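>>> the following block contains a protein sequence and its predicted model.
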Amino acid sequence: MEEDKTVFFQRELKTGEEMEKVKRNVLLNPGPATTTDTVKFAQVVPDICPREVEFASLMKGLRLDLLKTVNANPNKYTSVLFCGSGTINIDICLNSLLPADKKVLVVNNGAYSSRAVEVCEYYGLPHIDLKFSVDELPDLDLVEKTLKENNDIALVYTTHNETGTGILNPIREIGALAHKYGAIFVVDTTSTLAMRPIDIEKDNIDFCMASAQKGLQAMAGLSFIIGNEEIIKKSKEYPKRSYYCNLYLQYEYFEKTGQMHFTPPVQTIYATIQALKEYLQEGEEAKWARHTRVFNAIHKGLAELGFKNVIKKEWQAGLVVSAIYPDDENWDFEKVHDYCYERGFTIYPGKISTTNTFRLCALGAIDEKDVEDFFAVFREALNKYNIAIPIRYNK
Ligand SMILES: *Cc1c(COP(=O)(O)O)cnc(C)c1O
């Protein structure tokens, strides 16, 4: 039997009544998400220097287990850990995986793909920003035409679930086009990984990414890239454009020493190992079913109040709902937010420049009952501030 590398710290972990109760907040913002108490307390461990062999073996198990979140074959794919929020992955993939004199194609229909475009701009990477409306799916014919006309495109990039709106992009189709024209395919899966099932190979993904605070229901501070190991090895020859944020250098250091090049987020790693254990216990399908229950409860609650959606329901990724502000002079997002926040529920503004929206998200260790409890409080807030129910729109 394989030795369980996580046992040593779990023995230290208090369970049940021994744990002090931490106030439970229901986070309906797009991450960080609500965590379980067992994940919170997994961080309370004896101090350890992360350069100890013991800690390296924990990270080895974590890197391997992370592959399971996207059904990746460990003979072909690997994961590389970084200390930082999710945006570090976008930065790293773009600056590390582009050969000299080649171009990036960003299939862009939202705020997170626009972030990737900004990364390209900051590094001076040749790129095409193929822009689509934030409430529309990308036109695949145009993607193909662009690839055909620009044979120097070596990296196609998009976002799986555009968290700013909640739209789901057709990654399998975009990936197939990238491969047809000899480019690698990098996808920002930060707001789907470990929630909406992903099959890295079938979905034609060469590199995907997430941070521990989102689908895994762990803490902010650890991010990871899962991708094709051969391509990482090949990228050794590509220009080094960053000292701290280079994929090959971090990969090589892990392979040689089992460690991160620089200080890892120690406590966050303990929490992530526990969260991953809980993810595997719950199971990919059951977890997706739970998020779907939460998502449906959000839709039900909004519909009962008369709120409109930005994105057609059939285009939504099933994790983020963007609702349009009512045309009501008493509507004040901040006041409604504060009322809910004081009662343990966090809601979040939208990320669309053209429409005023707020978002309710199905991430985290929550279930439909939490959403029902939220809507009771939300309704109280609307009543308190004399916002008409059902919600009014001028058109
Ligand atoms: C949350 C998120 C990120 C990372 O954002 P950070 O603020 O750096 O954590 C990146 N991409 C998507 C799609 C996200 O939802």
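Great, that's in hand.
>>> quick one: the strands in the stretch 101-250 of the chain?
Ranges of strands within the stretch 101-250 of the chain are 103-108, 127-131, 153-159, 161-162, 167-168, 184-188, 207-211, 222-228, based on DSSP state E, counting those that start in this stretch.
>>> with mean pLDDT, mean neighbour count and distance to K21 added, can I get those strands in CSV?
The way it works is simple: take the backbone N, C-alpha and C, and place the C-beta from them, glycine included. Putting the strands of the stretch 101-250 of the chain into CSV (pLDDT from 0 to 100; neighbours: other Cβ atoms under 10 Å; distance: least, Cβ to Cβ, whole Å) gives the following:
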stretch, mean pLDDT, mean neighbour count, distance to K21
strand 103-108, 98, 24, 44
strand 127-131, 98, 19, 48
strand 153-159, 98, 26, 37
strand 161-162, 98, 28, 33
strand 167-168, 98, 23, 37
strand 184-188, 98, 27, 36
strand 207-211, 98, 28, 27
strand 222-228, 98, 25, 25
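>>> around the ligand, which positions in this structure sit nearby?
Within the chain, the residues that sit near the ligand (Cβ under 6 Å from any ligand atom) are 30-31, 85-87, 112, 159, 163, 188, 190-191, 211.
>>> what's the most distant pair in those?
The most widely separated members of the residues of the chain next to the ligand are S85 and T159, with 15.6 Å between them, by Cβ to Cβ.
>>> contacts only, for V187.
V187 is in contact with 157-160, 171, 175, 203, 205, 207-209, counting by Cβ atoms under 8 Å, 6 or more residues apart in numbering.
>>> distance to Q43 added to those, as TSV?
Output for the contacts of V187, formatted as TSV (distance: Cβ to Cβ, whole Å):
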residue	distance to Q43
Y157	33
T158	34
T159	30
H160	28
I171	33
G175	36
D203	32
I205	31
F207	29
C208	26
M209	23
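>>> now, which of the residues you listed sits nearest the ligand?
Distances from the ligand to these, taken as Cβ to the nearest ligand atom, are shortest for T159 (5.1 Å).
>>> so that closest one touches S113, yeah?
Yes - judged on Cβ atoms under 8 Å, T159 makes contact with S113 at a distance of 4.8 Å.
>>> what touches both of the two?
Going by Cβ under 8 Å, 6+ apart, residues that sit against T159 and also against S113 are D188.
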